[in-house]
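**Student:** predicted model, plus sequence, below.
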Amino acid sequence: TEFAESNGIMMRMTEQYDPYENAIAERINRTLKYEYGLRNCIKNTDIAPQITKQAVSIYNNLRTHFSLDLRKPAEVHLNPNIKYKSYHRNNVNLTELLI
């Protein structure tokens with residue numbers, strides 16, 4: 001947490017460790033691991049941060065995403081007028097549903 005605070009990173013954590021509570025982050029982690037080879041054992045821990053930083057940069061600046069209509073995340077982030085799909089769940093009160 002000290003590293004995050006000193007670098008202006010706001011931390012958000014789920015209440016319990018459950019991949020379904022943080023599915024979007026888990027999906028991005030999986031993409032980074034399998035598409036960019038981060039799941040492979042990196043023997044030199046000095047280069048691990050550099051490799052991870054490069055993979056995240058590619059993911060955000062070069063890789064197009066279907067959910068963003070084949071745009072890049074950085075492009076969508078910088079233009080608030082671009083519409084995109086959101087996978088956030090709507091809060092539904094299940095006791096009100098009639099089956």
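**Tutor:** Received it, and whenever you're ready, just let me know what you need. Residues are numbered from 1 along each chain as shown.
**Student:** and for Phe66, the neighbour number?
**Tutor:** Phe66: 8 surrounding residues under other C-beta atoms under 10 Å. Every residue, glycine included, has its C-beta placed from N, CA and C.
**Student:** what separation do you get for it and Lys85?
**Tutor:** 8 Å (C-beta to C-beta, to the nearest Å).
**Student:** and the gap between the nearest residue to Arg39 once chain neighbours are set aside and Lys53?
**Tutor:** The shortest distance from Arg39 to any residue other than its chain neighbours is 4.0 Å, reached at Lys33 (C-beta to C-beta, 6 or more residues apart in numbering). Noted for Lys33: a distance of 15 Å to Lys53, by C-beta to C-beta.
**Student:** give the residue spans of this structure that score low on pLDDT.
**Tutor:** Within the chain, the stretches with pLDDT under 70 are 13-21, 41, 86-99.
**Student:** just the strands in it please.
**Tutor:** For the chain, strands defined by DSSP state E do not occur.
**Student:** ranges for the helices of it?
**Tutor:** Under the criterion DSSP state H, the chain contains helices at 2-6, 23-35, 48-61, 73-78.
**Student:** now those helices as a markdown table including mean neighbour count?
**Tutor:** Converted to a markdown table, the helices of the chain look like this (neighbours: other C-beta atoms under 10 Å):
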| stretch | mean neighbour count |
| --- | --- |
| helix 2-6 | 8 |
| helix 23-35 | 13 |
| helix 48-61 | 13 |
| helix 73-78 | 14 |
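**Student:** alright, I will stop here.
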